[in-house]
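[1] All I have is the shape, not the residue letters:
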């Protein structure tokens, strides 16, 4: 029986590649590693939902996480994307989540456990769950942290993004201490780096000095193909001879390595 390992990809600085990491890791986990994978989009901007819908030319998603919360059952809002990959989508109506939480639950611990409690019954259907969150300290991030086993922190090599890592780790510690949740930072991933940019290299080096081996060895460099996936959906073209399209594969290769790294780090944590 499966019980999914749940990862939230976060940073309190926006535009650092969180959605890119969520959608690419989930796609490759499902397609390359053949693992049952679920993406939960709890960002009302719904970028992850849009990218995965474009990936399979899906024009309309019938039910979102709002329906699942209203019915007290997330299984009603699961959208199959492709073999091994499902989505719980989001849209702008989810902006009212904070009000819902405060109105329906008096106890603070109950307020942060809404997503975790709804997730429990469907965890056994998946190997991995990836949660995409908005870059804010809010009911979204609180619920994502409480529902996750591990956090992956995305950052771009800019000073504000580096500050976002320390704020995120500090807030995660606050959540662990105040609400007794079990959560570890499993990886800090540099995303969309310009490999020839000296400033990018300097900020990456600062991150490694600050956070050591928590910073992933696998760096997501800027590639036009990755940028295109945001607009057109993700592709990994395979030819009849079994070989992948080289440009697609190059865009996916780092994420495939990150998945292997996550798996080996997870084993160390669990031992």
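    Structure received. Fair warning: this is a prediction, and the values are worked out from it, not measured in the lab.

[2] List the buried residues for stretch 184-198?
    185-193 (16 or more other Cβ atoms under 10 Å). (Glycine included, C-beta is placed from N, CA and C.)

[3] So which of those sit within strands?
    185-193 (DSSP state E).

[4] TSV for those, including distance to residue 125 and pLDDT?
    Shown next, in TSV, are these (distance: Cβ to Cβ, whole Å; pLDDT from 0 to 100):
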residue	distance to residue 125	pLDDT
185	26	97
186	22	98
187	25	98
188	29	97
189	27	96
190	32	93
191	29	90
192	32	81
193	35	79
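
[5] about what we covered before: how about the buried residues of stretch 184-198 in JSON lines, adding distance to residue 130?
    Listed next are those as JSON lines, based on distance: Cβ to Cβ, whole Å:
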{"residue": "185", "distance to residue 130": "15"}
{"residue": "186", "distance to residue 130": "12"}
{"residue": "187", "distance to residue 130": "12"}
{"residue": "188", "distance to residue 130": "16"}
{"residue": "189", "distance to residue 130": "13"}
{"residue": "190", "distance to residue 130": "18"}
{"residue": "191", "distance to residue 130": "14"}
{"residue": "192", "distance to residue 130": "18"}
{"residue": "193", "distance to residue 130": "21"}
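
[6] Which of these sits closest to residue 86?
    Using Cβ to Cβ, residue 186 is the member of those that sits closest to residue 86, with 22.0 Å.

[7] so what does the longest helix belonging to the chain touch, helix or strand wise?
    In the chain, with assignment by DSSP state H, the single longest helix is helix 246-270. Packing partners of helix 246-270 (3 or more Cβ pairs under 8 Å, 6 or more residues apart in numbering; DSSP states H and E): helix 18-31, strand 150-155, strand 184-193, strand 220-221, helix 224-232.

[8] and it with helix 224-232, angle?
    90 degrees (axes from the mean of the first three to the mean of the last three Cα atoms, to 10 degrees).

[9] So for helix 246-270, what gets flagged as buried?
    248-249, 251-252, 254-256, 258-259, 261-262, 265-266.

[10] Tell me how many other residues crowd residue 130.
    For residue 130, the count of nearby residues is 26 (other Cβ atoms under 10 Å).

[11] circling back: which one of the ones in strands among the buried residues of stretch 184-198 is nearest to residue 88?
    Checking these against residue 88 with Cβ to Cβ, the nearest one is residue 186 at 21.6 Å.

[12] Pull the contacting residues for that closest one.
    Going by Cβ atoms under 8 Å, 6 or more residues apart in numbering, residue 186 touches 7, 150-152, 262, 265-266, 269.

[13] Of these, which is the nearest to residue 35?
    Among those, residue 262 lies closest to residue 35 (Cβ to Cβ), at 11.4 Å.

[14] Tell me the pLDDT of the closest one.
    Here, the pLDDT recorded for residue 262 equals 98.
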